[in-house]
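Engineer: fold the following for me, if possible:
(2 chains)
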Amino acid sequence: MRFGVVVFPGSNCDQDVVHAVRLLGHEAAYVWHGDTDLAGYDALVLPGGFSYGDYLRCGAVARFSPVMAEVVRFAERGGPVIGICNGFQILTEAHLLPGALLRNADLKFICRAVPLRVEPSVCRWVELPKGTVLRIPINHNEGNYICDQDTLRRLQDNGQIVLRYCEPDGTRAEGGSAPNGALDDIAGICNVAGNVFGLMPHPERAVDPVSGGTDGRHLLTTIVHRVEGYAG
Amino acid sequence: MARFEILVTYKRGIFDPPGATAERALVNLGYDEVHSVKIGKYIQLEVADGTPEARVREMCDRLLANPVIEEYRIEAVGEA
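Structural biologist: The predicted structure follows:
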């Protein structure tokens, strides 16, 4: 099975994702943002970083890269598309996922491992018992998820919320558990079809016990397993 | 060349963290009359003469602003 990891000017987590996928025993290759041929890839990952310097808005310019028209087509055909951090921001700008990611509520760049709760969702690539708590690093300045109330209700009713920030014991604090102020503690969502998944945390940075733990590996293992079933 | 000025701000109800921080700082400085601070973007656009405003609006909708969270105001300010 082959993962394509899209490299935009300013991406900086592409190598981490490629490393993680290979660690899990699968092929991964870099896809340049100017490429328009996505033949041969079973899944696409838009990695973290600062595409186009985050100028204008995070992901606003990357969304018009030549490769993105093909990413949209790939997603519309049901192909697995996973956006991590800046990749999540690009997916919202491209309207593959609803809402937007604003500046963190306290204006601080946050870089630390945080507890996340797996929610019961329609995401086709996550196969973990609901309520599972994972500790995975976040590393962002704009992770404050926002959408209008109608969209939020749809996300909740459709089971599109995949991951929520939580307390270490898996509960949610009354005033919210999101370190960045995200609406409804949202850390990761998917589209209605469940094949496009965006998340702010970086599972690829938690695949080795010597650097960040292995909870990210746990999450990526389920993703790879499900994508494998899909690619069959 | 024709010149347009574009002001992009968050829609009503969208939390504006930099604005809220400046608002608190002003109140802390003793400006109790401050009710609200909103911080946005100012864009100067120079385009070919005769470019219709509808075209500029399209640029705003597609790239310069994100309609999910932002609204914008366009002002034609004459020749560049």
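Engineer: for chain A, what are the nearby residues on chain B?
Structural biologist: B:13-15, B:17-18, B:21, B:63-64, B:66, B:68-69 (C-beta under 8 Å from any C-beta of the partner chain). C-betas here are computed from N, CA, C, even on glycine.
Engineer: what ranges does chain B have for its helices?
Structural biologist: Assigned by DSSP state H, chain B shows helices spanning B:17-28, B:53-59.
Engineer: can you redo the ones you listed as TSV with distance to A:Val6?
Structural biologist: Shown next, in TSV, are the helices of chain B (distance: least, C-beta to C-beta, whole Å):
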stretch	distance to A:Val6
helix B:17-28	29
helix B:53-59	25
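Engineer: any chance of those helices in CSV, with mean pLDDT and mean neighbour count too?
Structural biologist: Formatted as CSV, the helices of chain B follow (pLDDT from 0 to 100; neighbours: other C-beta atoms under 10 Å in any protein chain shown):
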stretch, mean pLDDT, mean neighbour count
helix B:17-28, 94, 15
helix B:53-59, 96, 14
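Engineer: picking that back up, farthest pair in the residues of chain B next to chain A?
Structural biologist: Based on C-beta to C-beta, the longest span within the residues of chain B next to chain A runs between B:Thr21 and B:Leu63 and measures 26.9 Å.
Engineer: can you give me the end-to-end distance of stretch A:148-164?
Structural biologist: Length of stretch A:148-164, first residue to last, C-alpha to C-alpha, to the nearest Å: 18 Å.
Engineer: stretch A:99-115 now?
Structural biologist: Stretch A:99-115 stretches 22 Å from its first residue to its last (C-alpha to C-alpha).
Engineer: that one vs chain B: in contact?
Structural biologist: Yes - using C-beta under 8 Å from any C-beta, stretch A:99-115 reaches chain B at A:99-100, A:102-107.
Engineer: buried among these? Need that as a selection in PyMOL.
Structural biologist: Those of the residues of stretch A:99-115 next to chain B that count as buried under 16 or more other C-beta atoms under 10 Å in any protein chain shown are selected in PyMOL with:
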select buried, chain A and resi 99+100+102+103+104+105
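Engineer: save the residues of stretch A:99-115 next to chain B as CSV, and put in secondary structure and pLDDT too.
Structural biologist: Below are those laid out as CSV (DSSP: H, G, I helix; E, B strand; the rest coil; pLDDT from 0 to 100):
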residue, secondary structure, pLDDT
A:Gly99, coil, 97
A:Ala100, strand, 97
A:Leu102, strand, 94
A:Arg103, coil, 94
A:Asn104, coil, 95
A:Ala105, coil, 92
A:Asp106, coil, 90
A:Leu107, coil, 90
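Engineer: switch the residues of stretch A:99-115 next to chain B over to JSON lines; also include distance to A:Val210.
Structural biologist: Formatted as JSON lines, the residues of stretch A:99-115 next to chain B follow (distance: C-beta to C-beta, whole Å):
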{"residue": "A:Gly99", "distance to A:Val210": "35"}
{"residue": "A:Ala100", "distance to A:Val210": "36"}
{"residue": "A:Leu102", "distance to A:Val210": "34"}
{"residue": "A:Arg103", "distance to A:Val210": "33"}
{"residue": "A:Asn104", "distance to A:Val210": "28"}
{"residue": "A:Ala105", "distance to A:Val210": "32"}
{"residue": "A:Asp106", "distance to A:Val210": "30"}
{"residue": "A:Leu107", "distance to A:Val210": "32"}
